[in-house]
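Q: dropping a prediction and its sequence here:
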Number of protein chains: 2
Amino acid sequence: MALPVAGCPLCDEAGGRLVFQGAKLRVIHAAETGFPAFYRVVWSDHVAEWSDLAPEDRALCMEAVAVVEQCLRDALSPAKINQAALGNMVPHLHWHVIARFDWDSRFPSPVWAAAQRPADPPREQAVARQLPALEREMIRHLATRSF
Amino acid sequence: MALPVAGCPLCDEAGGRLVFQGAKLRVIHAAETGFPAFYRVVWSDHVAEWSDLAPEDRALCMEAVAVVEQCLRDALSPAKINQAALGNMVPHLHWHVIARFDWDSRFPSPVWAAAQRPADPPREQAVARQLPALEREMIRHLATRSF
């Protein structure tokens, strides 16, 4: 097991609202303005690249990503799911899993691109109200195996 | 096997310079200005979401992503690898696998964010010169199993 790295925000803190904590990874909800259903799968150990993981851990990590994605699809019927592992600023492996909607401020561009329209707080709040039930399902699925 | 969808650019064409063609997926080099080592793993069938694939196909797809990532790391020692499956504009499953450099115009932001500095064509060309050898290795690794 790798040691935590002092000063790494994902070693020091959860990095968002903790939804699920496993031995090898956790799932957090990220409070990213304008994207109400933005989750991250964060690997517990401090590794920079996904390919730093052994093949079985890479596969395990992606199974968690798949659970998060499927729960977002089932509950929210988003226009699209976006996944990304970037880590240029925080090189501690984390997968963004984001439900995108055709009314969100960047769609169809990536969430990191310039805004194309104003935010829509009422619709964002309607999504946010669905998160507790969605996360109960997510936890139920994640609990069926050793993450 | 899903039928091709008329008008889908990734059903109609390779979508970039073809590096590897397997039965289930292909690897292309994308000519994205400013990012000389930008590859895509494109699923052959027209599916929108990664979670539309059966678990074994999801795993196969990610093994190809891992091969591409590892070959980029081995040959180029980039500052970071970025992966993403977005597909908001072209909802045909494709994974971006991008070698990022601290001198590229967007680093450390995602490639889709605003430019932070001018492009550096001589350094881009130096990377581009390494691609033929890198791609030979990539093909060699991809050929060891049934993609």
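A: Cool, got the structure.
Q: max-length helix in chain A?
A: Longest helix in chain A by number of residues (criterion: DSSP state H): helix A:55-76.
Q: quick one: distance of that helix to the chain centre.
A: Centroid displacement of helix A:55-76 relative to its chain, using C-alpha atoms, centre = their mean, to the nearest Å, is 10 Å.
Q: as a whole number, average confidence for whichever helix or strand comes after it?
A: Using DSSP states H and E, the helix or strand that follows helix A:55-76 in sequence is strand A:80-85. Here strand A:80-85 scores 98 as its mean pLDDT.
Q: where does the prediction get shaky in chain A?
A: Where chain A drops to pLDDT under 70, the residues are A:1.
Q: what about the helices in chain A?
A: A:9-12, A:55-76, A:121-128, A:131-142.
Q: what pairs with the residue most central in space within chain A across the strands?
A: Note on chain A: the residue nearest the mean C-alpha position is A:Arg40, at 2.0 Å, using C-alpha atoms, centre = their mean. Beta-bridge partners for A:Arg40, by DSSP bridges, are A:Ile28, A:His96.
Q: these two touch, right, it and A:Ala30?
A: Yes - contact status for A:Arg40 versus A:Ala30: in contact at 5.5 Å, counting by C-beta atoms under 8 Å. Just so you know, the C-beta spots here come from the backbone N, C-alpha and C atoms, and that holds for glycine as well.
Q: do I have it right that A:Pro36 meets A:Arg129?
A: No - look at A:Pro36 against A:Arg129 with C-beta under 8 Å: they stay out of range, at 9.3 Å.
Q: between those two, who's got more neighbours?
A: Per other C-beta atoms under 10 Å in any protein chain shown, whichever of A:Pro36 and A:Arg129 has more neighbours is A:Pro36, with 23 against 10.
Q: what's the burial count for A:Ala114?
A: Neighbours around A:Ala114, by other C-beta under 10 Å: 10.
Q: likewise A:Arg58?
A: Counted by other C-beta under 10 Å, the residues lying close to A:Arg58 total 21.
Q: could you do A:Arg73 as well?
A: Neighbours of A:Arg73 under the rule other C-beta under 10 Å: 16.
Q: alpha carbons only: can I get the longest helix of chain A in CSV?
A: Backbone C-alpha positions of helix A:55-76 (Å, rounded to 0.1, in the frame of the first residue of the first chain) are rendered in CSV as follows:
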residue,chain,number,x,y,z
PRO,A,55,-4.5,-5.1,-14.1
GLU,A,56,-6.9,-6.5,-11.5
ASP,A,57,-7.0,-3.2,-9.7
ARG,A,58,-7.6,-1.3,-12.9
ALA,A,59,-10.5,-3.6,-13.6
LEU,A,60,-11.8,-3.2,-10.1
CYS,A,61,-11.6,0.6,-10.4
MET,A,62,-13.5,0.5,-13.7
GLU,A,63,-16.2,-1.7,-12.2
ALA,A,64,-16.9,1.0,-9.7
VAL,A,65,-17.0,3.6,-12.5
ALA,A,66,-19.5,1.3,-14.2
VAL,A,67,-21.7,1.1,-11.1
VAL,A,68,-21.7,4.9,-10.7
GLU,A,69,-22.5,5.4,-14.4
GLN,A,70,-25.3,2.9,-14.4
CYS,A,71,-26.9,4.4,-11.3
LEU,A,72,-26.8,7.8,-12.9
ARG,A,73,-28.4,6.5,-16.1
ASP,A,74,-31.1,4.6,-14.3
ALA,A,75,-32.1,7.4,-12.0
LEU,A,76,-31.6,10.5,-14.2
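Q: that helix packs against which elements?
A: Applying 3 or more C-beta pairs under 8 Å, 6 or more residues apart in numbering or on different chains; DSSP states H and E, we find helix A:55-76 packed against strand A:25-29, strand A:38-43, strand A:80-85, strand A:94-100, helix A:131-142, helix B:55-76.
Q: switch those over to CSV; also include distance to B:Ala23.
A: Listed next are the helices and strands packed on helix A:55-76 as CSV, based on distance: least, C-beta to C-beta, whole Å:
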stretch, distance to B:Ala23
strand A:25-29, 32
strand A:38-43, 29
strand A:80-85, 24
strand A:94-100, 27
helix A:131-142, 31
helix B:55-76, 10
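Q: out of those, which comes closest to A:Gln125?
A: Of all these, it is helix A:131-142 that lies closest to A:Gln125, at 10.6 Å by C-beta to C-beta.
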